[in-house]
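Chemist: Pasting the sequence and the predicted coordinates here, then a few questions.
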Amino acid sequence: MAEGTDATTFDYYTGSEPCQKSDVKKFASQFLPPLYSLVLIFGLVGNALVVLILIKCKRLKSMTDIYLLNLAISDLLFILSLPFWAYYAAHEWYFGDAMCKILSGVYYAGFYSGIFFIILLTVDRYLAIVHAVFALKARTVAYGILTSVVIWGIAILASLPGFIFHSVQKEVAHWSCSPHYPFGQERKWKQFQTLKMNILGLVIPMVIMSFCYAEIIKTLLRCKNEKKHKAVRLIFIIMIVYFIFWAPYNIAVLIYTFQDSFSLNNCESSSQLELAIQVTEAIAMIHCCVNPIIYAFAGEKFRKYLHTFFRNSIAIHLYKNCPILYGEAPDRVSSMYTPSTGEQEFSAAL
């Protein structure tokens, strides 16, 4: 659901002949619903597990935990709007004007907050490794909560135009949910929205991440640490994955918005740009499924928490209800898998 375009409404081509862009509509209706459904399933499960483990096992004891929790919540917000956009891509908008505004606002709030919390996680790691002494005072739960509140405020402000300008409108023979800017200011608003998305969603994050990770790598290479190579490798994965998933989409929207400047304001070029936006946006959405892996499950400690969570919260109930499956007495299993035992083993592991 990019600014200025959607699966059914196209408004940049202004030639004398009508530009139907049926190929783009057909692609959106056939490709987007199943993809959105997969992203919904895997993203919902992955991020819900992150939230449960952070609250139940880690108990939000550090600034990193606070940021990981908020990142998972922002991804969940983003994900929960997907069923509506999936149905919209295949049919038309049936959910009314209020839902159009709310879901558009939620979509962009999840988009911006997710990027902002990735930046905060990067800065958090930078402080922990490069400025370890200062980090002892700065990286507290209280500061984590405070900065999270500020970030959510900024994300909501950034998403307000999506909430205000999106509305339901009759387009030929169907209803659409798309941005409708004040008359005579459409082009300026679209350009402003696109520049804002690229600056906040790509340029600033990449500048901050590049600086922080460059300093982190220098520090790790100077330190004699057996795990420094794994840490450097993980850092590169985070940077590369973020860039691969989001850069093509931001660039496609930028070219689409300023297609006059690139002499692409004809029907064929406009259709190709529309298709490029559909494809790159779908790829970018997959990133919310990858976040739980690269920010949580890739960590050794988090994997142990995940194992303990399943063992103490799920497996023990299966033992109690179906002991015959395991060939052991329920009381023996209960004594082996108690929360206290798990916590003791975890403390030793940490």
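Modeler: Yep, that arrived. Treat the numbers as computed from the prediction; the structure is a model and nothing was measured.
Chemist: what distance separates the helix or strand where H307 lies from the centre of its chain?
Modeler: Here H307 sits within helix 300-310, counting by DSSP states H and E. The chain centre lies 22 Å from the centre of helix 300-310; the measure is C-alpha atoms, centre = their mean, to the nearest Å.
Chemist: and that helix, which residues are buried?
Modeler: Of the residues in helix 300-310, 302, 304-306, 308-309 count as buried by neighbour count, 16 or more other C-beta atoms under 10 Å. From N, CA and C alone the C-beta is placed, and that goes for glycine too.
Chemist: out of these, who's nearest L35?
Modeler: L306 (26.5 Å; C-beta to C-beta).
Chemist: Could you measure from the closest one over to A109?
Modeler: Counting by C-beta to C-beta, to the nearest Å, the separation of L306 from A109 is 28 Å.
Chemist: Next: L146.
Modeler: 19 Å.
Chemist: higher neighbour count, the two?
Modeler: Legend: neighbour count by other C-beta atoms under 10 Å for L146 and A109, higher for A109 (23 against 12).
Chemist: wait, the more buried one sits on A155?
Modeler: Yes. Counting by C-beta atoms under 8 Å, A109 touches A155, with 5.3 Å between them.
Chemist: picking up where we left off before, please render the buried residues of helix 300-310 as TSV that adds distance to Y242 and pLDDT to the earlier fields.
Modeler: Shown next, in TSV, are the buried residues of helix 300-310 (distance: C-beta to C-beta, whole Å; pLDDT from 0 to 100):
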residue	distance to Y242	pLDDT
F302	19	71
K304	26	76
Y305	24	74
L306	23	72
T308	29	76
F309	27	72
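Chemist: and these as TSV, adding distance to Y87?
Modeler: Listed next are the buried residues of helix 300-310 as TSV, based on distance: C-beta to C-beta, whole Å:
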residue	distance to Y87
F302	34
K304	40
Y305	36
L306	33
T308	39
F309	34
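Chemist: Give me the nearest residue to P161, chain neighbours excluded.
Modeler: Distance criterion C-beta to C-beta, 6 or more residues apart in numbering; nearest residue to P161, sequence neighbours excluded, is Q193 at 6.1 Å.
Chemist: Could I get the full set of helices for the stretch 101-250 of the chain?
Modeler: Secondary structure of the stretch 101-250 of the chain (DSSP state H, counting those that start in this stretch): helices at 132-138, 141-165, 186-198, 204-222, 228-257.
Chemist: I should have written the stretch 251-350 of the chain there, sorry.
Modeler: 267-292, 300-310, 316-321, 330-336, 339-349.
Chemist: Quickly, which of those helices bottoms out on average pLDDT?
Modeler: Among the helices of the stretch 251-350 of the chain, helix 339-349 has the lowest mean pLDDT, at a mean of 35.
Chemist: Give me the angle between the strand or helix carrying D65 and helix 300-310.
Modeler: Assessed by DSSP H and E, D65 sits inside helix 63-80. Per axes from the mean of the first three to the mean of the last three C-alpha atoms, to 10 degrees, the angle that helix 63-80 makes with helix 300-310 is 60 degrees.
Chemist: Make 42 the first number, not 1, from now on.
Modeler: In the new numbering, first residue 42, that becomes helix 104-121.
Chemist: for the record, mean pLDDT for helix 104-121?
Modeler: The model assigns helix 104-121 a mean pLDDT of 90.
Chemist: V331 contacts I281, correct?
Modeler: No. Taking contacts as C-beta under 8 Å, V331 lies outside contact range of I281: 11.3 Å.
Chemist: neighbour count winner among these two?
Modeler: Remark: of V331 and I281, V331 carries more neighbours, 18 against 11, as counted by other C-beta under 10 Å.
Chemist: if I look at the more buried one, how far off is A214?
Modeler: Plainly put, V331 is 38 Å away from A214 if you go by C-beta to C-beta.
Chemist: One more: F224?
Modeler: Taken as C-beta to C-beta, the span from F224 to A214 is 24 Å.
Chemist: Tell me which residues touch the residue most central in space within the chain, please.
Modeler: The residue lying closest to the centre of the chain (C-alpha atoms, centre = their mean) is C329, at 3.8 Å. Contacts were defined as C-beta atoms under 8 Å, 6 or more residues apart in numbering; by that measure C329 touches 80, 84, 88, 116, 119-120, 155.
Chemist: what separates it from K345, distance-wise?
Modeler: From C329 to K345 the distance is 24 Å (C-beta to C-beta).
Chemist: Check M280 too.
Modeler: Shown here: M280 relative to K345, a distance of 26 Å by C-beta to C-beta.
Chemist: again with Y184
Modeler: Taken as C-beta to C-beta, the span from Y184 to K345 is 26 Å.
Chemist: cool, and K97?
Modeler: 14 Å.
Chemist: Same check on D301?
Modeler: To K345, D301 is 55 Å away according to C-beta to C-beta.
Chemist: Repeat that for F299.
Modeler: For F299, the distance to K345 equals 49 Å [C-beta to C-beta].
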